[in-house]
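Colleague: Below are the sequence and a predicted model for it; my questions follow.
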Amino acid sequence: MQRRQFVHSIPLSLVGALMSSQTFDEGSVSPSLMPKQYSTFVEWLNASRAAALQFVADSGAAHAERFMQFLALWVTAIPDPNEPTWQRIDGANKKLEFALISPGHPFVVTALRMEPGCILPAHCHPGGGGITLCIDGSLMIQHYDLVAGSAAFSETGAVAEVEEVSVTRLRKNQFTLFTPSRANLHQLQAGPDGAVAVDIVVQWAGAGEFSYLKLTDSTPASQAAMGRRHRGTWVGMDIARA
Ligand SMILES: [Fe+2]
């Protein structure tokens, strides 16, 4: 795997199973699928996977928003994972590392370690949903929606317009969430002490292809107005071009 492709390029064999699920059930989540307390990450992982698979079997996962809400519930109970094996992602402004913590179904767990001030530039997750949980240090995450009518991410070199939908400062145990249709682009920036973040990623469609969007009118988030539109250029999967 090319390091710079990291999480987005992990092939997931999810589409068939998720898309063929039963019609979404609007009913409440069974108490048996609610998280409990876990003393180790592995204990949590086994329980959360079992619950997520049961959720899919019971209700389907075609309703991405609902499925991500379910995973967010589980993220509130996650213990820190053991120190993973980090791989450097070359091309970022500061040291940036990626780790695959747990591949699998119906979600993949990965992590990012960022030096102070490190930026993971704006990028999309087509067909994907995810939760970014800060477990050390702090980071700022700006989420964006692609404006209707904009060029698709696969059109490298094309200009696209995005609308900023949230600016969030995360410390330990805080997280943000995106779905295939909501806040699907984001940019991460580590705080003054750096950051370690865990990602819980689900892929509904596609094989994890993505693109960075090089923002051409970016302003620091501290000065940005919520809801502001930005223009950028799709530059493909090479972070050095973003
Ligand atoms: Fe991302």
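Modeller: That came through fine.
Colleague: now the strands: where do they sit in this structure?
Modeller: Secondary structure of the chain, counting by DSSP state E: strands at 87-88, 96-102, 108-114, 119-124, 128-146, 159-170, 175-178, 185-203, 212-215, 229-236.
Colleague: With mean neighbour count as new columns, can the ones you listed be given to me in TSV?
Modeller: C-beta coordinates here come from the backbone N, C-alpha and C atoms, glycine included. Converted to TSV, these look like this (neighbours: other Cβ atoms under 10 Å):
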stretch	mean neighbour count
strand 87-88	14
strand 96-102	19
strand 108-114	23
strand 119-124	23
strand 128-146	22
strand 159-170	18
strand 175-178	22
strand 185-203	22
strand 212-215	23
strand 229-236	19
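Colleague: For residue 77, which of the ones you listed is the nearest?
Modeller: strand 128-146 (11.2 Å; Cβ to Cβ).
Colleague: Provide the strand pairings for that closest one, with the direction of each partner.
Modeller: strand 159-170 (antiparallel), strand 175-178 (antiparallel), strand 185-203 (antiparallel) (DSSP bridges).
Colleague: Give me the angle between it and strand 229-236.
Modeller: Angle between the axes of strand 128-146 and strand 229-236 is 130 degrees (criterion: axes from the mean of the first three to the mean of the last three Cα atoms, to 10 degrees).
Colleague: Redo the strands of the chain as JSON lines? Include mean pLDDT.
Modeller: Output for these, formatted as JSON lines (pLDDT from 0 to 100):
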{"stretch": "strand 87-88", "mean pLDDT": "98"}
{"stretch": "strand 96-102", "mean pLDDT": "98"}
{"stretch": "strand 108-114", "mean pLDDT": "98"}
{"stretch": "strand 119-124", "mean pLDDT": "98"}
{"stretch": "strand 128-146", "mean pLDDT": "97"}
{"stretch": "strand 159-170", "mean pLDDT": "95"}
{"stretch": "strand 175-178", "mean pLDDT": "97"}
{"stretch": "strand 185-203", "mean pLDDT": "97"}
{"stretch": "strand 212-215", "mean pLDDT": "96"}
{"stretch": "strand 229-236", "mean pLDDT": "95"}
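Colleague: on that earlier part again, columns distance to residue 232 on top of the strands paired with strand 128-146, output as TSV?
Modeller: Output for the strands paired with strand 128-146, formatted as TSV (distance: least, Cβ to Cβ, whole Å):
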stretch	distance to residue 232
strand 159-170	6
strand 175-178	17
strand 185-203	9
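Colleague: one step back: ok, which of the strands of the chain comes nearest residue 32?
Modeller: Nearest to residue 32, of the strands of the chain and by Cβ to Cβ, is strand 185-203 at 20.5 Å.
Colleague: Lovely, talk soon.
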